[in-house]
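S.K.: here is the input, now give the coordinates:
(one chain, ligands or ions: 1)
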Amino acid sequence: MSNEHFYEKHDEGSLKNSAEAEAGSNKATVTKPATVAVEDVQAQNLRCAQRLSLKGKVFLGGCAAALVLLLALAVTVLMPGQPAAILVDGQQVAVLKNQAQAEAVIADYLAEQSKLVGNEVFFAENVQVAEQARDDSEVLSRGNAEAVLAMTTRLKTNGAVIRVEGSQLLSVASVEIATEALDNLKKTYLPEDDTMQVLEVKFKQEVEVAPKEVFVSDLLNLDEAKLAMKDTSLTGTAPVTVLVILEKTKVEEVPYQTRFETDGTLRYGQTKTKQTGVNGSREVTIQVAQENGQEIARQEISSNTLVQAVDEIVLEGAVVRTASRSLQQATDAGMIWPTTATRISSYYGARSSDNHTGLDIDGETGDPVWAAKAGTVVTAGYYGSYGNQVVISHGDGLQTRYAHMQSIMVSVGDEVAIGQQVGTEGSTGRSTGSHLHFEVIIDGQTTDPLAYIK
Ligand SMILES: [Zn+2]
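M.R.: Numbering: from 1, shown residues only. Below is the predicted model:
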């Protein structure tokens with residue numbers, strides 16, 4: 001402690017403090033020599049006054065010098081300290097009673113905060129104690145000084161950061177916390193289903209943990225760090241993507257297929273099972289890729305038939321009762337005329353402008369459109385120039401198409417019987433008026449429908 005420094009600049013303060021010392025307000029230990037010194041000062045004052053009255057102004061300077069010297073001696077011994085200041089980046093922010101208190105405030109604050117953070121903290125700013133306050137600012141209690149310190153400084157700690165694709169995502173108190181947060185995040189996305197074998201768990205992005213000096217105010221705890229890595233509020237996607245590859249081997253049922261065969265002895269609407277279908281089974285191994293728990297790809301790795309499925313064969317009547325209550329007999333090719341109208345407006349084959357891929361049958365919007373033969377619906381919906389169309393697969397590469405319809409009454413996968421209504425005639429797609437565009441397709445190539453339905 002430098003009391004000389006104190007005297008040089010703060011004579012008024014020193015006098016005030018010496019007065020306090022004499023009044024006994026200062027709790028510092030008062031030593032024997034100090035008491036003597038004060039008595040000496042008082043005695044000297046008396047003697048000076050006596051000399052002054054006797055000998056005049058000549059002696060004034062000498063007396064004053066002696067007085068100051070004696071006061072200096074008294075203060076040096078009596079004073080426990082002088083107001084000291086805490087400086088933050090050179091700026092005085094708090095004045096404490098003395099240097100020891102100022103140092104204690106800083107030490108206590110750092111100790112408390114280190115305990116709170118769970119890691120040793122230090123100031124981001126340059127924090128120092130000045131032995132002597134620059135002015136006579138109010139002397140703060142230690143508690144108040146700590147509050148001022150908290151407001152005027154930022155704390156840092158040797159923590160860690162998580163970087164994603166090279167840019168910093170978040171700060172935590174240690175490399176261990178960062179690593180644990182990442183491990184926990186991976187575990188979040190592992191399936192609960194223990195029949196799934198986990199082949200691989202990794203981050204889609206380049207994710208890195210690095211030790212770094214970080215601001216305490218930026219620190220996230222373990223749970224907060226996990227949430228931050230899943231947060232989709234900023235960009236719509238989580239900053240970190242966990243990619244999980246799973247493998248599963250299972251036995252699954254193979255449903256039997258139903259085949260229809262026309263039987264001349266049955267009437268339309270009558271069916272008879274010729275062979276009962278039996279489901280088969282197979283062992284299949286699949287790999288599933290998930291990103292943050294969402295399946296993004298599924299691949300069959302291997303398949304092994306355990307029980308072969310047996311087709312169901314259904315015999316059905318070839319005699320068809322139409323909507324107009326007329327009966328239609330299937331042709332030798334096993335098909336019926338697909339609608340009520342019979343006038344052909346455009347034949348199959350070469351036309352002046354193009355090659356016509358089907359047969360146009362005139363009619364009215366709303367007329368029924370029937371399946372020319374039993375089969376499975378493989379297409380049902382709006383397809384460009386065809387408009388609303390239905391394609392039925394009859395097996396052995398044979399298909400029929402019904403286009404420009406007003407409405408569709410079947411769905412993909414439906415098994416339809418011969419003569420079953422699949423929709424109504426219309427003029428959707430590239431069409432100039434109500435008609436049914438009917439195609440017969442063999443192995444992907446159209447052929448003249450009249451050979452099948454007439
Ligand atoms: Zn046509």
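S.K.: need the helices for the stretch 51-200 of the chain, in chain order.
M.R.: 60-78, 99-117, 142-152, 175-188 (DSSP state H, counting those that start in this stretch).
S.K.: and the last one, what's its mean pLDDT?
M.R.: Mean per-residue pLDDT for helix 175-188: 95.
S.K.: tell me the buried residues in it?
M.R.: Val175, Ile177, Ala178, Ala181, Leu182, Leu185 (16 or more other Cβ atoms under 10 Å). Where you see a C-beta, it was placed from the backbone N, CA and C, and this is true even at glycine.
S.K.: nearest residue to the residue in the stretch 201-350 of the chain positioned nearest to the ion other than its sequence neighbours?
M.R.: Closest contact between the stretch 201-350 of the chain and the ion, by Cβ to the ion, is at Ser346 (5.5 Å). Nearest non-adjacent residue to Ser346, counting by Cβ to Cβ, 6 or more residues apart in numbering: Asp360, 3.8 Å away.
S.K.: residues contacting that neighbour?
M.R.: Ile344, Ser345, Ser346, His435, Leu436, His437, Phe438 (Cβ atoms under 8 Å, 6 or more residues apart in numbering).
S.K.: show me the shaky parts of this structure.
M.R.: Applying pLDDT under 70 to the chain picks out residues 1-80, 267-269, 317-327.
S.K.: which residues of it lie near the ion?
M.R.: Applying Cβ under 5 Å from the ion, we find that the chain lies next to the ion at Gly358, Asp360, His437.
S.K.: using CSV, lay out the residues you listed together with secondary structure and distance to Pro368.
M.R.: Putting these into CSV (DSSP: H, G, I helix; E, B strand; the rest coil; distance: Cβ to Cβ, whole Å) gives the following:
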residue, secondary structure, distance to Pro368
Gly358, coil, 18
Asp360, strand, 17
His437, strand, 16
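S.K.: Throw those residues into CSV and include distance to Val117, thanks.
M.R.: Listed next are those as CSV, based on distance: Cβ to Cβ, whole Å:
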residue, distance to Val117
Gly358, 79
Asp360, 83
His437, 77
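S.K.: quick one: which of those is nearest Gln99?
M.R.: Distance to Gln99 across the residues of the chain next to the ion (Cβ to Cβ) is lowest for His437, with 101.4 Å.
S.K.: hang on, that closest one packs against Val391?
M.R.: No. The pair His437 / Val391 is not scored as a contact, 12.0 Å apart, by Cβ atoms under 8 Å.
S.K.: who has more neighbours, those two?
M.R.: Neighbour count, other Cβ atoms under 10 Å: between His437 and Val391, His437 has more, with 26 against 22.
S.K.: with adjacent residues omitted, what lies nearest to that one?
M.R.: Ala403 is the one closest to His437 (Cβ to Cβ, 6+ apart), at 4.0 Å.
S.K.: for Asp354, the count of nearby residues, please.
M.R.: Close neighbours of Asp354, defined as other Cβ under 10 Å, add up to 7.
S.K.: find the closest residue to the ion in this protein.
M.R.: Counting by Cβ to the ion, the chain gets nearest the ion through His437, at 3.5 Å.
S.K.: pull the contacting residues for that residue.
M.R.: Gly358, Leu359, Asp360, Tyr386, Arg401, Tyr402, Ala403, His404, Ser431.
S.K.: and the residue sitting nearest the centre point of the chain, what element?
M.R.: Centroid check for the chain by Cα atoms, centre = their mean gives Ala238 as the closest residue, at 2.4 Å. Using DSSP states H and E, Ala238 falls within no helix or strand.
S.K.: with adjacent residues omitted, what lies nearest to Gly280?
M.R.: Counting by Cβ to Cβ, 6+ apart, the residue nearest Gly280 is Ala309, at 3.3 Å.
S.K.: OK, contacts around that neighbour?
M.R.: Val254, Pro255, Tyr256, Gln257, Gly277, Val278, Asn279, Gly280.
S.K.: for Gly413, same thing?
M.R.: Thr376, Val377.
S.K.: could you rerun that using 10 Å?
M.R.: Thr376, Val377, Val378, Ala380 (Cβ atoms under 10 Å, 6 or more residues apart in numbering).
S.K.: how many neighbours does Leu315 have?
M.R.: Other residues close to Leu315 by other Cβ under 10 Å number 18.
S.K.: looks to me like it is in a strand.
M.R.: Yes. Under DSSP: H, G, I helix; E, B strand; the rest coil, Leu315 sits within a strand.
S.K.: quick check: bridge partners of the spatially closest residue to it that is not a sequence neighbour?
M.R.: Closest residue to Leu315 apart from its sequence neighbours, by Cβ to Cβ, 6+ apart: Asp263 at 4.0 Å. Listed by DSSP bridges, the beta-bridge partners for Asp263 are Gly317.
S.K.: Asp263 touches Lys272, doesn't it?
M.R.: Yes. Contact criterion Cβ atoms under 10 Å: Asp263 and Lys272 qualify, at 7.0 Å.
S.K.: which one's more surrounded, these two?
M.R.: Per other Cβ under 10 Å, whichever of Asp263 and Lys272 has more neighbours is Asp263, with 16 against 13.
S.K.: quick check: the gap between that one and Val314.
M.R.: Look at Asp263 and Val314: by Cβ to Cβ, to the nearest Å, they are 9 Å apart.
S.K.: need the overlap of contacts for those two.
M.R.: Both Asp263 and Val314 are contacted by Thr271, Lys272, Lys274, under the criterion Cβ under 10 Å, 6+ apart.
S.K.: assign Glu261 to helix, strand or coil.
M.R.: strand.
S.K.: not counting sequence-adjacent ones, nearest residue to it?
M.R.: In space, Glu261 is closest to Leu315, 5.3 Å off (Cβ to Cβ, 6+ apart).
S.K.: ok, now Lys156?
M.R.: Ala124 (4.9 Å).
S.K.: run a quick neighbour tally on the one you found.
M.R.: Counted by other Cβ under 10 Å, the residues lying close to Ala124 total 15.
S.K.: torsion angles phi and psi at it?
M.R.: Backbone dihedrals for Ala124, given as degrees, to the nearest 10, come out at phi -70, psi -30.
S.K.: hang on, it packs against Thr153?
M.R.: Yes. Contact between Ala124 and Thr153 holds when scored by Cβ under 10 Å: they sit 6.9 Å apart.
S.K.: is Gly349 bridged to anything, and to what?
M.R.: With DSSP bridges as the rule, Gly349 is bridged to His356.
S.K.: for Thr179, what are its contacts?
M.R.: Thr179 touches Ala160, Ile162, Val172, Val209, counting by Cβ under 10 Å, 6+ apart.
S.K.: looking at these, which is nearest Phe215?
M.R.: Looking across the contacts of Thr179 and measuring by Cβ to Cβ, the closest to Phe215 is Val172, at 11.9 Å.
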